[in-house]
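1. Provide a 3D model corresponding to the input given below.
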Amino acid sequence: MMQKLSTPTIEYGQSLLGLHLISLLIGYTVAGWLLSLYQAPALIWLGTQAVTVHLAWRGKSAIALAITWVVGVVWIGTLARAYPPSLRFNFQLLVIALFLIWLLGIILAFGVAFAKQPIQATGLKNTQAFWFLVTLAFSGLAVGRILDMMVIR
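-> The predicted structure follows:
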């Protein structure tokens, strides 16, 4: 009787989780770049980090707060500064950019809210999954800030 050799495979759910986490990192990097590009004040950075921490801890039940924060930041940004100081936009491009920024925020909110449970399914405890998500998001924000600082305008 021949034995079939098993080869290590990545389960479909684990590969989706990996893509989900990479998407979150890229999304938070873009968010950090945009906050830096628009020269967001420290209060906006701290608020974004606080909402991210709350979202990572509470999960789906914190989506409403996160969406409210995103809408508030986009509106404040629109009223305070209609365009990034380093770039010149025409009106149509500005509207599209603001919509895409809003959409990015909503996607990130849902992404963080729904990431904790699959992370815990890999064997991490609740607190470990929380810190993993917070570290991932804050790292993305920091990389985005650094990328903006490296770009010569």
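2. which SSE is the residue nearest the centre of the chain in?
-> The centroid of the chain falls nearest to Tyr28 when counting by CA atoms, centre = their mean (3.4 Å). In this assignment (DSSP states H and E), Tyr28 forms part of helix 12-37.
3. tell me what the next helix-or-strand element following that helix is packed against?
-> Later in the chain than helix 12-37, the nearest helix or strand by DSSP H and E is helix 42-58. Under the contact definition 3 or more CB pairs under 8 Å, 6 or more residues apart in numbering; DSSP states H and E, helix 42-58 sits against helix 12-37, helix 63-80, helix 91-113, helix 126-150. Placement of C-beta: from N, CA and C, glycine included.
4. tell me which of those helices sits nearest to Ala50.
-> Shortest distance between Ala50 and these, using CB to CB, is found for helix 63-80: 8.7 Å.
5. got the CA positions of that closest one in CSV?
-> Taking C-alpha atoms only, helix 63-80 is exported to CSV below (Å, rounded to 0.1, in the frame of the first residue of the first chain):
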residue,chain,number,x,y,z
ILE,A,63,-18.5,50.9,12.8
ALA,A,64,-21.0,53.8,13.4
LEU,A,65,-18.4,55.8,15.3
ALA,A,66,-15.7,55.2,12.7
ILE,A,67,-18.0,56.2,9.9
THR,A,68,-19.0,59.4,11.8
TRP,A,69,-15.3,60.2,12.3
VAL,A,70,-14.5,59.7,8.6
VAL,A,71,-17.4,61.9,7.5
GLY,A,72,-16.4,64.5,10.0
VAL,A,73,-12.8,64.5,8.9
VAL,A,74,-13.7,64.8,5.2
TRP,A,75,-16.1,67.7,5.9
ILE,A,76,-13.6,69.5,8.2
GLY,A,77,-10.9,69.0,5.5
THR,A,78,-13.3,70.3,2.8
LEU,A,79,-14.2,73.4,4.8
ALA,A,80,-10.8,74.1,6.2
